[in-house]
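[1] Fold the stuff below for me.
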Amino acid sequence: MQTKIKFLLIVLFFLNTAASSFGLTEETPTIAIEKAKFAIEQAQKAGASKTTPEDLAAAKSWLASAQKEYEKLRSPGTWMTPEKTRRLKEEEIIYLATMAKIRAMVAENRAKKEALSKKLQTHIKELEDHQNKLDLLKKNLAEKKKNQEFQAQIETKRKALAAIKEQLGAIEQEKKLILAESLNKVREIEMLKQRELEEFSRKEAQRTAEIEKELAAAKFKLEELTKEKIRAEAEKKIQDEKLTQLQEKVASLERKIALFIATSKISEPSIKFTEKEITINILAQQLFSPTMEIKNPGKQTLDQISSLLNTHPDYQIIVRGHTDNRGNPASNQVLSEKRAQKVRDYLVINHNVNPARISAEGWGASQPIAPNDTEAGRMLNRRVEIIMIIEK
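    Below is the predicted model:
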């Protein structure tokens with residue numbers, strides 16, 4: 001029963017911490033579950049079922065756990081549950097629903113990132129197609145201009161050859177008339193040629209203007225696509241940063257709750273949790289014999305604690321010894337240091353706890369946790385604290 005109460009207190013602390021981090025202090029289980037459902041729907045609309053099915057499945061699993069616990073809370077007979085226990089259960093449901101919402105948000109962000117990448121590739125392909133069409137248009141224009149010049153040359157030569165054949169077939173006495181007519185024809189040809197050149201120049205100018213207009217439109221389209229690409233890359237970078245921060249926060253919370261659950265399994269000593277450290281308080285009466293040797297019950301407790309410390313080797317540890325206020329302050333200081341050093345030596349020598357991460361301090365009678373005017377209070381003040389720093 002005592003272990004169960006400790007576990008519930010740990011879960012209550014974790015849920016309060018999670019609620020403070022995500023702004024859920026005033027939420028109810030119903031609201032938290034609905035938010036998780038909405039987040040999962042948004043992730044599915046964003047295409048997470050295809051792009052990030054693992055994250056979506058994790059979100060649904062968290063939501064199913066929250067709904068299952070919520071149904072248990074609403075089942076007949078639970079109205080007789082104590083208010084404090086019921087509130088702890090509600091906060092557990094809020095935590096499960098919040099984790100479902102977070103994983104759904106991760107799935108949605110990854111799906112949006114994938115969709116944005118595909119959209120960017122489509123824009124790039126459209127830009128390449130447009131450039132290819134523009135190159136083909138330029139090539140056709142050059143070939144058309146070349147053909148028109150060649151046809152004009154052929155037409156001119158054909159007309160000149162006809163005039164020569166007409167002159168050779170004419171009678172000599174009509175030479176002057178033919179010559180005059182030839183001159184008239186030459187002038188007509190020159191005028192016709194001039195008109196054709198003017199018409200050709202007008203059409204070429206019009207076509208050139210159209211090409212320049214199309215080229216300007218293509219440049220504008222290219223500039224717009226370039227700007228959109230830059231915006232998309234900036235948005236992608238922001239989404240990646242948010243996703244990384246969210247993943248790091250979730251991982252940190254999961255590590256903390258695992259540590260709290262492991263700590264709650266230690267029997268006998270009282271345990272205090274804060275956001276930055278875990279304090280394990282052991283009475284000196286439980287630890288030491290009158291000759292300052294560690295007793296068997298104390299060894300059993302320290303054996304359990306050492307297993308926890310070695311399972312989490314990255315955290316710094318401080319062992320602090322304390323006394324009551326009876327006797328000489330200097331003697332109490334020496335006694336408190338000796339108690340702390342005894343516990344540190346036991347952990348290092350018997351359980352290979354890295355000596356670089358564990359220190360011993362004596363505080364004498366300066367930090368009482370109970371009044372020193374009764375024997376019961378003095379017994380509580382005679383203690384050793386093992387502090388694990390989980391966050392600086």
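[2] From residue 106, how far off is the residue nearest the centre of the chain?
    Nearest to the geometric centre of the chain sits residue 243, at 0.7 Å (C-alpha atoms, centre = their mean). Computed as C-beta to C-beta, to the nearest Å, the residue 243 to residue 106 distance reads 6 Å. For the C-beta atoms, the positions are set from N, CA and C on the backbone; glycine is no exception.
[3] returning to that earlier point: correct me, but the residue nearest to the centre of the chain touches residue 110?
    Yes. Using C-beta atoms under 8 Å, residue 243 is in contact with residue 110, at 7.1 Å.
[4] can you pull out the strands in the chain?
    For the chain, applying DSSP state E gives strands covering 270-273, 277-283, 316-322, 358-362, 383-389.
[5] In terms of secondary structure, what does the shortest one contact?
    If contacts are counted by 3 or more C-beta pairs under 8 Å, 6 or more residues apart in numbering; DSSP states H and E, strand 270-273 sits against helix 2-22, helix 175-264, strand 277-283.
[6] and these, which one's lowest on average pLDDT?
    Ranked by mean pLDDT, the helices and strands packed on strand 270-273 bottom out at helix 2-22, which scores a mean of 44.
[7] sorry, back to before: among the strands of the chain, show the one with the smallest mean pLDDT.
    Mean pLDDT is lowest for strand 270-273 out of the strands of the chain, coming in at a mean of 84.
[8] Tell me which strands it pairs with, and in which orientation.
    The pairing partners recorded for strand 270-273 under DSSP bridges are strand 277-283 (antiparallel).
[9] got a list of what residue 223 touches?
    Applying C-beta atoms under 8 Å, 6 or more residues apart in numbering, we find residue 223 in contact with no residue.
[10] Show the low-confidence segments of the stretch 51-200 of the chain, by residue range.
    Scanning the stretch 51-200 of the chain for pLDDT under 70 picks out 77-81, 150, 171, 182, 186, 200.
[11] let's see it at 80
    Counting by pLDDT under 80, the stretch 51-200 of the chain shows low-confidence ranges at 75-83, 127, 130, 138, 140-154, 157-158, 160-176, 178-193, 196-197, 199-200.
[12] Tell me how many other residues surround residue 269.
    21 (other C-beta atoms under 10 Å).
[13] for it, what are its contacts?
    With contacts defined as C-beta under 8 Å, 6+ apart, the neighbours of residue 269 are 280-283, 286, 301, 305.
[14] what's the answer for residue 367, then?
    Residue 367 sits next to 320, 322 when contact means C-beta under 8 Å, 6+ apart.
[15] swap the cut-off to 10 Å and go again
    320, 322-323, 336, 381, 383, 385 (C-beta atoms under 10 Å, 6 or more residues apart in numbering).
[16] next one: residue 383
    By C-beta under 10 Å, 6+ apart, residue 383 lies in contact with 269-270, 281-287, 320-324, 336, 339, 367-370.
[17] Can you select the buried ones from the residues you listed in PyMOL?
    Buried subset of the contacts of residue 383, written as a PyMOL selection, criterion 16 or more other C-beta atoms under 10 Å:
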select buried, resi 269+281+282+283+284+286+287+320+321+322+323+324+336+339+368
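[18] would you list the strands of the chain in TSV and tack on distance to residue 45?
    Output for those, formatted as TSV (distance: least, C-beta to C-beta, whole Å):
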stretch	distance to residue 45
strand 270-273	40
strand 277-283	42
strand 316-322	46
strand 358-362	52
strand 383-389	44
